[in-house]
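S.K.: model this:
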Amino acid sequence: MKEKVKAVLDEVRPALLADGGDVELIDVDDAEGIVKVRLQGACSGCPMASMTLKNGIERVLKEAIPEVKEVVAL
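M.R.: Coordinates of the predicted model:
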């Protein structure tokens with residue numbers, strides 16, 4: 001599942017880079033369906049970061065990979 005997650009994050013990355021941010025994949029827990037990421041650049045500490053994480057990254061990952069249950073930021 002980790003390779004699938006990487007591929008989807010690569011699709012999302014240009015939108016984040018356009019705003020001066022980025023996302024780093026930290027870990028994928030296949031058993032629990034939890035993806036751990038770290039928001040970087042302008043996304044780190046941004047007031048909209050939690051919305052970007054849940055409404056953007058998590059939504060796209062869940063649509064593309066049904067096994068993903070949650071995305072958490074470290």
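S.K.: And the contacts of the helix or strand of the chain with the lowest mean pLDDT?
M.R.: Between all helices and strands in the chain, the lowest mean by mean pLDDT, DSSP states H and E belongs to helix 49-51, at a mean of 85. The set of residues external to helix 49-51 that reach it, using Cβ atoms under 8 Å, 6 or more residues apart in numbering, is 39, 43, 73. Quick note: C-beta positions are derived from backbone N, CA and C, even for glycine.
S.K.: ok, 6 Å please
M.R.: Residues outside helix 49-51 that contact it (Cβ atoms under 6 Å, 6 or more residues apart in numbering) are 39, 43.
S.K.: After it, which helix or strand is next? Please name it.
M.R.: Using DSSP states H and E, the helix or strand that directly follows helix 49-51 along the chain is helix 59-64.
S.K.: elements contacting that next one?
M.R.: Contacts defined by 3 or more Cβ pairs under 6 Å, 6 or more residues apart in numbering; DSSP states H and E place helix 59-64 against helix 2-18.
S.K.: and the helix it packs on, which residues are buried?
M.R.: Applying a neighbour-count criterion of 16 or more other Cβ atoms under 10 Å, one finds 5, 8-9, 12, 16 buried in helix 2-18.
S.K.: Tell me which residue lies nearest the centroid of this protein.
M.R.: By Cα atoms, centre = their mean, the mean C-alpha position of the chain lies nearest to residue 57, the distance being 4.2 Å.
S.K.: which residues touch it?
M.R.: With contacts defined as Cβ under 6 Å, 6+ apart, residue 57 is in contact with 12, 71.
S.K.: Model confidence at it, what's the number?
M.R.: Listed pLDDT for residue 57 reads 93.
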